[in-house]
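Participant: A structural model of the following input is requested.
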Amino acid sequence: QVQLVESGGGLVQAGGSLRLSCAASGVTFRSYATGWFRQAPGKEREFVATFSRTGGYTYYADSVKGRFTISRDNAKNTMYLQMNSLKAEDTAVYYCTADRSIIQSSLRRAEQWDYWGQGTQVTVSP
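Facilitator: Numbering: from 1, shown residues only. Presented below is the predicted three-dimensional model:
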């Protein structure tokens, strides 16, 4: 059974940093595409950053490029999202996701991913 558990969310002032973690069980990260999405109140879940299935490529939403860094430790089956220079508009619930067969053209589409964590709240005060 696949389980993804996010942690590291919290309240931070604008300009600050947070590091999110996603611990996985029931999957072997090196064989999966993994990523982060977020959902703000009243909005659809949106793509933040992902690793390709082979882990060789990373992709970022334009809104976070240069500020957020996705990484993962395959040996620990753990993925991270380092978030710097946070803005109020980054406030959302952040979700970890994984999929074994998703294709590259679908990485930015939330509905194409199979497995999701429960989410962790990130709140950035102005």
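Participant: secondary structure class for the residue most central in space within the chain?
Facilitator: Geometric centre of the chain, nearest residue: residue 36, 1.7 Å, by C-alpha atoms, centre = their mean. Following DSSP: H, G, I helix; E, B strand; the rest coil, residue 36 is assigned to strand.
Participant: distance of it from residue 8?
Facilitator: From residue 36 across to residue 8, the span is 11 Å (C-beta to C-beta, to the nearest Å). Yep, even glycine has a C-beta here, placed from its N, CA and C like the rest.
Participant: Give the residues shared as contacts by these two.
Facilitator: Residues touching both residue 36 and residue 8 (C-beta atoms under 8 Å, 6 or more residues apart in numbering): residue 20.
Participant: still on that earlier bit, residues contacting the nearest residue in space to the residue nearest to the centre of the chain that is not next to it in sequence?
Facilitator: Computed as C-beta to C-beta, 6 or more residues apart in numbering, the closest residue to residue 36 that is not its neighbour in sequence is residue 48, at 4.3 Å. Residue 48 makes contact with 35-38, 60-61, 64, 68, 81, 94, according to C-beta under 8 Å, 6+ apart.
Participant: Mind putting the residues you listed into JSON lines with distance to residue 117 and pLDDT?
Facilitator: Compiled in JSON lines, the contacts of residue 48 are given as follows (distance: C-beta to C-beta, whole Å; pLDDT from 0 to 100):
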{"residue": "35", "distance to residue 117": "11", "pLDDT": "97"}
{"residue": "36", "distance to residue 117": "10", "pLDDT": "98"}
{"residue": "37", "distance to residue 117": "10", "pLDDT": "98"}
{"residue": "38", "distance to residue 117": "12", "pLDDT": "98"}
{"residue": "60", "distance to residue 117": "19", "pLDDT": "97"}
{"residue": "61", "distance to residue 117": "18", "pLDDT": "98"}
{"residue": "64", "distance to residue 117": "18", "pLDDT": "98"}
{"residue": "68", "distance to residue 117": "17", "pLDDT": "98"}
{"residue": "81", "distance to residue 117": "12", "pLDDT": "98"}
{"residue": "94", "distance to residue 117": "9", "pLDDT": "98"}
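Participant: Just the helices from the protein, written as ranges.
Facilitator: Read by DSSP state H, the chain holds no helices at all.
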